[in-house]
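> need a structure here:
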Amino acid sequence: MPRTTLTKEQIVRTAIELLDEEGLEGLNMRALGQRLDSAATAVYWHVKSKDNLLLLAGDQVWQEIGLPDPDAVGWRAAATAMATDLLAMFTRHPWVVQALASHVLYGPDKARHDDHSLGVYEAAGFTGAEADQATAGVFMFVLGNALGESSTASLTRKLNRMGDDAGERLRETMAQAAEVGKQFPRLRARLGDASAQQYGAAPESSFEFGLRALLDGLETRLH
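The predicted model follows:
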C-alpha cells in the first residue's frame with residue numbers, strides 16, 4: 001500500500017491490534033508494515049517514529065471509556081462506571097499498563113478522560129487537592145487490579161517465544177508458590193479448601209468489593 005493510500009487512522013488502528021497480540025516488545029515498523037501490506041518507510045512518513053506511534057495508540061484507547069454525566073446519574077454511579085470501563089480497557093489492551101510504567105502517555109483522548117474524572121469528584125463535593133487525590137486514588141486502585149492481567153499476558157508471550165508451553169509453566173510456578181504458602185497457617189487453610197483459588201488469585205468480585213469500599217471511604221470523608 002503506497003503512502004498516499006495509507007492513513008494515520010489505519011496505522012494507529014493496526015498498531016493497536018499488533019500491540020494487543022504482541023505487546024510493547026512486538027511493536028516495530030517492519031511488522032506493522034507487513035500487516036498493512038506497506039513499506040516501513042511509508043508508515044514512518046505518517047507517524048514519524050515508533051515512540052510517536054505508541055503515543056497515538058496509547059491515546060486512542062481512552063475513547064473506549066464512557067463519560068457519564070454525574071448530574072444525571074449521581075457521582076457514585078459515574079465514578080463506578082468510569083472505573084469499570086477503565087479496568088475493561090486495561091484488560092483488552094494490557095500493553096497500556098506496561099506503557100504507563102515506561103512512557104509518558106498523553107493526548108486529547110486521555111486528557112478528556114482525566115478532565116471528566118476530576119469533574120465527577122468535584123460533583124461529589126471534593127475541591128482543590130482533595131479532588132485530585134480522590135481521582136488519583138481510584139485510578140491507582142484500578143491500575144493495580146489490571147497489573148496481574150498485564151503481567152500474565154507479557155509472561156505468556158515471553159514463554160511462547162522461548163518455545164515453552166506457557167500454560168504448563170505457569171501452572172508449575174503457581175504450584176510451587178502454593179507449596180511455599182502452605183508453610184503459613186492462614187494461607188494453608190485457604191489453599192487446602194477444595195473451592196480455593198490458585199495461590200495469589202483474588203476471590204471473585206474482589207474488584208467490585210474494593211471499589212465500593214474505596215468510594216464508601218470517600219463518601220464518608222465528604223461528611
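> Okay, and the residue positioned nearest the centre of the chain sits in which element?
Here the mean C-alpha position of the chain is nearest to the C-alpha of F90 (CA atoms, centre = their mean), at a distance of 2.2 Å. Following DSSP states H and E, one finds F90 within helix 75-92.
> And that helix, what's buried?
For helix 75-92, burial by neighbour count (16 or more other CB atoms under 10 Å) applies to 75-76, 78-87, 89-90. The way it works is simple: take the backbone N, C-alpha and C, and place the C-beta from them, glycine included.
> quick one, longest helix in this protein?
helix 128-161 (DSSP state H).
> Quick one: list the elements packing against that helix.
With contacts defined as 3 or more CB pairs under 8 Å, 6 or more residues apart in numbering; DSSP states H and E, the packing partners of helix 128-161 are helix 75-92, helix 95-102, helix 108-124, helix 166-181, helix 206-222.
> Next, the buried residues of the fourth one.
Counting neighbours by 16+ other CB under 10 Å, one finds that the buried residues in helix 166-181 are 166, 169-170, 178.
> now for the residues you listed, which pair is the farthest apart?
A166 and A178 (18.6 Å; CB to CB).
> The longest helix of the chain relative to helix 75-92, how many degrees between them?
Here helix 128-161 points in a direction 20 degrees away from that of helix 75-92 (axes from the mean of the first three to the mean of the last three CA atoms, to 10 degrees).
> Now do the same for helix 128-161: mean pLDDT, whole number.
Helix 128-161 shows a mean pLDDT of 89.
> What's the first helix or strand after the worst-scoring helix or strand of the chain on mean pLDDT?
Lowest by mean pLDDT, DSSP states H and E among the helices and strands of the chain is helix 166-181, with a mean of 82. Downstream of helix 166-181, the first helix or strand assigned by DSSP H and E is helix 185-191.
> other SSEs contacting that next one?
helix 166-181.
> Distance of A40 relative to G33?
4 Å (CB to CB, to the nearest Å).
> Those two: which has the busier surroundings?
Comparing A40 with G33 by other CB atoms under 10 Å, the one with more neighbours is G33, at 20 against 15.
> So D59 versus H113, what's the distance?
10 Å.
> okay, these two: which has more neighbours?
H113 (22 against 19).
> which ones are touching that one?
62, 65, 67, 82 (CB atoms under 8 Å, 6 or more residues apart in numbering).
> W75 too?
Here W75 is in contact with 120-121, 123-124 (CB under 8 Å, 6+ apart).
> which one among these gets closest to V12?
Nearest to V12 among the contacts of W75, with distances taken as CB to CB, is V120, at 27.7 Å.
> The closest one: neighbour count?
28.
> Check the one 4 residues further on too.
Taking other CB under 10 Å as the neighbour definition, A124 ends up with a count of 21.
> can you check E17 too?
12.
> That one and R35 touch, don't they?
Yes: taking contacts as CB atoms under 8 Å, E17 lies within contact range of R35: 7.4 Å.
> angle of the helix holding F90 against helix 95-102?
100 degrees.
> ok now stretch 52-69, how far from the chain's centre?
11 Å (CA atoms, centre = their mean, to the nearest Å).
> So for it, mean pLDDT?
According to the model, stretch 52-69 has a mean pLDDT of 97.
> weakest of the helices and strands packed on helix 128-161 by average pLDDT?
Among those, helix 166-181 scores lowest, with a mean of 82.
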